[in-house]
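1. A structural model of the following input is requested.
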Amino acid sequence: MELQVALDRMTLDRAVELAGLVAPHADWIEVGTSLIKRYGTAAVAAVADAAGGVPVLADTKTADDAATELGMCFDAGAKAVTVLGMTTDATVRACAAIAADHGAELLVDLLAVSPSRRTDLLALLGPAPHVLWAPHLGKDAQDGKAKVAAVLGPWARGLRLAVAGGLGAGDVAALAPEWPGLRVIAGAAITKAPDPLAAVVGMKAAMLMKGTR
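-> This next block holds a predicted model:
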């Protein structure tokens, strides 16, 4: 398993502070959508600098104008970006091509994507090695009983996957036996914890104890 720590819904100063704190224990650090909307790609550059070499994902949730959005993020130091799976085929293809040209990764965010659209997307991009598929339970849905694990299934076998949606250390334990190759995206469970350093260390320890590395 890999751990991606998402920094979102906070000040830029706090994001920079947390990036430096969690970087030694994270495989990726994410600059969240709200953080980018508030501070622009300056947030990507600041977090990338604070991360000390740990790769940074800019959660742009790109829906159009791929060249402009991705170009700004890659220029700021991002090593990965996200595209909404619900957008047009043209934008998804453009994002995949631009990411490949930059030697970067693309996460296809499957938020609100139907099974039929997901099938179309898989056919559209094929087994591109730099593409990750990201089942995502959005913030507005996290107060319900829905779980990210519910959208995993036979369709996901053999794919590079990143999962997001209110995940904590307990979810790692539940997902690890069946999905050892996951990239787990954790935000509030770490950043809103009373002791974020202890939380990220505990999350990483849970992955190691399950033999997922």
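2. Any regions of this protein where pLDDT drops low?
-> 138-149, 209-213 (pLDDT under 70).
3. what ranges do the strands span in it?
-> Taking DSSP state E to define them, one finds strands in the chain at 2-7, 28-31, 56-62, 80-84, 105-109, 131-134, 162-164, 183-186.
4. looking at these, which is closest to residue 49?
-> strand 56-62 (9.4 Å; C-beta to C-beta). (C-beta placed from N, C-alpha, C; glycine too.)
5. Give the pairing partners of the closest one; include direction for each.
-> Here strand 56-62 has these sheet partners by DSSP bridges: strand 28-31 (parallel), strand 80-84 (parallel).
6. List the buried residues of that strand.
-> Neighbour-count burial for strand 56-62 flags 56-62 (criterion: 16 or more other C-beta atoms under 10 Å).
7. Show residues contacting that strand.
-> 4, 6, 8, 28-33, 36, 41, 44, 47-48, 69-70, 73, 76-84, 87, 91, 95, 105, 107, 109 (C-beta atoms under 8 Å, 6 or more residues apart in numbering).
8. Make CSV out of the strands paired with strand 56-62 and add distance to residue 152.
-> Converted to CSV, the strands paired with strand 56-62 look like this (distance: least, C-beta to C-beta, whole Å):
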stretch, distance to residue 152
strand 28-31, 20
strand 80-84, 18
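9. wait, which of those is closest to residue 201?
-> Each of these has some distance to residue 201 by C-beta to C-beta; the shortest is strand 28-31, at 15.3 Å.
10. Return the alpha-carbon coordinates of the closest one using PDB.
-> Extracted as PDB, the C-alpha positions of strand 28-31 are listed here (Å, rounded to 0.1, in the frame of the first residue of the first chain):
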ATOM      1  CA  TRP A  28       2.600  11.300  -1.800                       C
ATOM      2  CA  ILE A  29       1.300  14.600  -0.500                       C
ATOM      3  CA  GLU A  30      -1.900  16.000  -2.100                       C
ATOM      4  CA  VAL A  31      -2.700  19.700  -2.500                       C
END
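11. Against residue 91, how distant is residue 117?
-> Distance, residue 117 to residue 91, by C-beta to C-beta, to the nearest Å: 13 Å.
12. who has more neighbours, the two?
-> Higher neighbour count among residue 117 and residue 91: residue 91, with 17 against 13, using other C-beta atoms under 10 Å.
13. Quick one: residues contacting that one.
-> By C-beta under 8 Å, 6+ apart, the neighbours of residue 91 are 62-64, 66, 83.
14. Could you work out the most separated pair of the residues you listed?
-> Farthest-apart pair in those is 64 and 83; separation 10.0 Å (C-beta to C-beta).
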